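Visitor: Just a sequence and a predicted model for now, questions to come.
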Protein chains: 2
Amino acid sequence: MNDYLSNQRKEVDDMKNLLVAQSGGPTAAINATLAGIIQAAQTNINVNNIYGAVNGIQGVLEERFIELKESMSSTFDFNLLSQTPSSALGSCRFVLDAWQKNEEQYKSFINIMRKHDISYFIYIGGNDSMDTVYKLSEYCKAKKVEDIKIIGAPKTIDNDLAEIDHCPGFGSAAKYIAATISELERDISVYKISAITIVEIMGRNAGWLTAAAALSRINGAAGPGLIYLCEKAFSIEKFILDVEEKMKEKSSFIIAVSEGIKDADGNYISDQVQSGLTDAFGHKYISGTGKVLEDIVREKIGCKVRSIELNLMQRCAAHIASETDLNEAKMLGMKALQCAVEGEIGKMSSIKRISSNPYRVEYISVPVDQVANHEKKVPIHLIHENGHDVTEEMIEYLYPLIQGEANTLYENGIPKHIIFDI
Amino acid sequence: MNDYLSNQRKEVDDMKNLLVAQSGGPTAAINATLAGIIQAAQTNINVNNIYGAVNGIQGVLEERFIELKESMSSTFDFNLLSQTPSSALGSCRFVLDAWQKNEEQYKSFINIMRKHDISYFIYIGGNDSMDTVYKLSEYCKAKKVEDIKIIGAPKTIDNDLAEIDHCPGFGSAAKYIAATISELERDISVYKISAITIVEIMGRNAGWLTAAAALSRINGAAGPGLIYLCEKAFSIEKFILDVEEKMKEKSSFIIAVSEGIKDADGNYISDQVQSGLTDAFGHKYISGTGKVLEDIVREKIGCKVRSIELNLMQRCAAHIASETDLNEAKMLGMKALQCAVEGEIGKMSSIKRISSNPYRVEYISVPVDQVANHEKKVPIHLIHENGHDVTEEMIEYLYPLIQGEANTLYENGIPKHIIFDI
């Protein structure tokens, strides 16, 4: 096998092309990272051509590449790319087999890289994608493939990657959530009658995004009356008591809740309590966490109640992206490119926070094996001891991440996006 | 009765105070109208004090007033008010009885006006609120009450008021919808697998907001593959055929649908999972149209499908308000004040479109009885003959309304709002 690979090798000096791909769920900042990679590559003498693979590692293995050096050449292009939500290169949910099980996949990868003179492969994604970076890096190490450098660049709205202070994409989602909760609070405060509004926020296992709902208080608004993160066991009995207690203070309020709240046994609340309604076909009506809590409030408290899912909007509302987030996302792309050309192996570009006030960060690289398949949940000490709010320390952590506005370019009344012909 | 009222009359010259109140469902522009009224009043020699009634006509009858002349004095205050979504003065869903049935209510109103030397009462709201303006005006006419001028100022995201080209609040909601659909399209386009995303948009009887989803195509995006307005009878059989047909062209697309789509017999499609609850006005409480269609697609087509409700965000996302909408909303407030001081009776300030390209409008006043309790639905000729899209003429109508950005002031990373102490 080593012979096979050796025969295919060319001189390192010839292999200076860059390949970049995006993977996992979309965010508002993943294209800013792509922009950062391309910009850094265009100014780096070690990089020749720049290719983008369409649909992540799947597109790499199928050799579906587009050219990104000449096509991305103006400030306008980069601004447009940075403000376009989701993955401009498409994404995938493709998991590589272990190389010991399916080495063909890996040999195919190496062949494709060499065929296109690609020395640098940067993969932007979350922890599944970092698993891909890890597996490819490990294979190269095992097979002494030294001419291909594989580097990860982080992204995820969930903020659940290990070895990074916070994840690009998260700050923009957090800003959307904080702003939206503050707008919803204005909306639901107009009537005199008691009404509860339950806002379901993304996060199956990590409650960071739900915590960001607390930032809606930052300019003096009440913010959510109750906040439930999925890291803390959720008790329906305590929930009812919490709501009753809060209603003594305030007739109308918002409840922010992670989609992934679970009971003490780890069962999702949305799985175990269903409304009993049936759909048009007589099937059990499967509802989300917010709907389940809505039914509970209606049943047990009896006041006006509605639930709202922030749904995909929380990850793709690029028009209200955080400037801090977009800028950091771009810097992480630049850092990843730098790591690749400096010959780092199996690393992910990362952010280390130096201080929160004033907010200062450092761009570093971390071993990707410590990121892959790990999940950084909210530490329990950042959840208020009453179980239905977050601590001041959490606010200090979150606050800098939503600062600054993206200065979005609009055309014909809506934000302008770049759409690659993929 | 006339004597009673005559005895309570003071000289008209003494009665120059203004009362303003807001009613109905919130919008992103209703406070811009309030700002316009206050600004016009502050520059009009006929107006002395400016009061805001809290919670609409209900607050008027309960004499819950706040002072708005001295408290609203800087450009900063007005900008803040204009960019704050929902009704800063609160709202209500209170319907006046016919005066022939409950004259006490009307006498109480007149007494309160006179007690506070109020000559001008401006009520900002939708067609239910215009009903209030109409009833009060009719009563004054019948009882020869000449010292109190009652004028309506329009608002509704639904765009369903008669005698006005388009309603303030609608343009901002339309902009939110167009921008959000274009962002969602980026989000759902990243994978290779077939997937359908159903977006449920507000509109019980009028499909204007759903039509605005088509504006997402304005910069070259595909936009929704299918658009269903509630004015056209909805056939589940045709829907399934439409989806199958569209899937031959495109693997992933968005379906935009009015919450209020009905079958040929006028039954809401969503009724299949509804409880039969009614709101304060006896309107049938509906939601879940998207969920019903989601179930149908899953059952009959079998591909990946999800549904998204734009929910309250479409009416309160002031951070992406249309500059055109906010400006027109303000002008309608100014016009309403002007009508009041010029002694017009039972009128609503309104917009007449002179031309679409270039976009030019005129501010007029219209008799409120032609607005109250009427509904302006989408004329059938603006719906594409295929039944699942809108016409070019609709786009020409909608296009100017979402133009311009609100230049929102952010503080600490989220939009700043004004919150009255009510």
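Guide: Looks like it came in fine.
Visitor: Contacts only, for the residue most central in space within chain A.
Guide: Nearest to the geometric centre of chain A sits residue A:156, at 1.5 Å (Cα atoms, centre = their mean). Residues in contact with residue A:156, defined by Cβ atoms under 8 Å, 6 or more residues apart in numbering or on different chains, are A:24, A:25, A:27, A:125, A:126, A:127, A:167, A:169, A:170. Heads up, the C-betas are built off the backbone N, CA and C, glycines and all.
Visitor: Check the residues you listed against chain B and report the nearest one.
Guide: residue A:25 (8.5 Å; Cβ to the nearest Cβ).
Visitor: can you tell me the helix or strand for that closest one?
Guide: Using DSSP states H and E, residue A:25 sits within no helix or strand.
Visitor: My guess is it contacts residue A:314. True?
Guide: No: checked against Cβ atoms under 8 Å, the pair residue A:25 and residue A:314 is beyond contact range at 11.1 Å.
Visitor: related to what we said a few turns ago, which ones among the contacts of residue A:156 are found in strands?
Guide: Among those, the residues falling in strands (DSSP state E) are residue A:125.
Visitor: Let me have the contacts of residue A:156 in CSV, adding distance to residue B:77, neighbour count and pLDDT as columns.
Guide: Below are the contacts of residue A:156 laid out as CSV (distance: Cβ to Cβ, whole Å; neighbours: other Cβ atoms under 10 Å in any protein chain shown; pLDDT from 0 to 100):
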residue, distance to residue B:77, neighbour count, pLDDT
A:24, 45, 25, 90
A:25, 42, 24, 92
A:27, 37, 34, 97
A:125, 46, 29, 96
A:126, 44, 25, 94
A:127, 48, 24, 89
A:167, 39, 29, 98
A:169, 36, 33, 98
A:170, 34, 33, 98
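Visitor: Kindly reformat the contacts of residue A:156 as JSON lines and extend each row with distance to residue B:420.
Guide: Listed next are the contacts of residue A:156 as JSON lines, based on distance: Cβ to Cβ, whole Å:
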{"residue": "A:24", "distance to residue B:420": "44"}
{"residue": "A:25", "distance to residue B:420": "40"}
{"residue": "A:27", "distance to residue B:420": "37"}
{"residue": "A:125", "distance to residue B:420": "46"}
{"residue": "A:126", "distance to residue B:420": "43"}
{"residue": "A:127", "distance to residue B:420": "46"}
{"residue": "A:167", "distance to residue B:420": "38"}
{"residue": "A:169", "distance to residue B:420": "36"}
{"residue": "A:170", "distance to residue B:420": "34"}
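Visitor: now the stretch 101-250 of chain A, which segments are flagged as low pLDDT?
Guide: Filtered on pLDDT under 70, the stretch 101-250 of chain A yields no residues whatsoever.
Visitor: all strands for it, in order.
Guide: Assigned by DSSP state E, counting those that start in this stretch, the stretch 101-250 of chain A shows strands spanning A:118-125, A:149-154, A:195-201, A:226-228.
Visitor: Next, count neighbours for the closest residue to residue A:254 other than its chain neighbours.
Guide: Distances taken as Cβ to Cβ, 6 or more residues apart in numbering or on different chains put residue A:224 closest to residue A:254, at 4.5 Å, once the chain neighbours are dropped. If you count neighbours by other Cβ atoms under 10 Å in any protein chain shown, residue A:224 ends up with 27.
Visitor: I'd say residue A:224 and residue A:250 touch.
Guide: No: using Cβ under 8 Å, residue A:224 is not in contact with residue A:250, being 10.9 Å away.
Visitor: Show me whatever sits in contact with both of residue A:25 and residue A:314.
Guide: In terms of Cβ under 8 Å, 6+ apart, residue A:25 and residue A:314 are both contacted by the residues residue A:157.
Visitor: and which of the contacts of residue A:156 is nearest residue B:237?
Guide: Nearest to residue B:237 out of these is residue A:25 (Cβ to Cβ; 34.7 Å).
Visitor: Give me the buried stretch members for stretch A:415-422, please.
Guide: A:415, A:416, A:417, A:418, A:420, A:422 (16 or more other Cβ atoms under 10 Å in any protein chain shown).
Visitor: Farthest pair within these?
Guide: Greatest spacing in those, by Cβ to Cβ: A:415 and A:422 (19.9 Å).
Visitor: Domains in chain A, by residue range?
Guide: Taking automatic domain parsing as the criterion, chain A consists of the domains A:2-156+A:317-373+A:404-415, A:170-316.
Visitor: can you put these in TSV and add distance to residue B:343?
Guide: Output for these, formatted as TSV (distance: least, Cβ to Cβ, whole Å):
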stretch	distance to residue B:343
domain A:2-156+A:317-373+A:404-415	38
domain A:170-316	31
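Visitor: Export the strands of the stretch 101-250 of chain A as JSON lines, with columns for distance to residue B:397.
Guide: JSON lines is the format used below for these (distance: least, Cβ to Cβ, whole Å):
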{"stretch": "strand A:118-125", "distance to residue B:397": "41"}
{"stretch": "strand A:149-154", "distance to residue B:397": "45"}
{"stretch": "strand A:195-201", "distance to residue B:397": "33"}
{"stretch": "strand A:226-228", "distance to residue B:397": "43"}
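Visitor: Would you tell me which one of the ones you listed is buried the most?
Guide: Stretch with highest mean neighbour count among those: strand A:149-154 (a mean of 29; mean count of other Cβ atoms under 10 Å in any protein chain shown).
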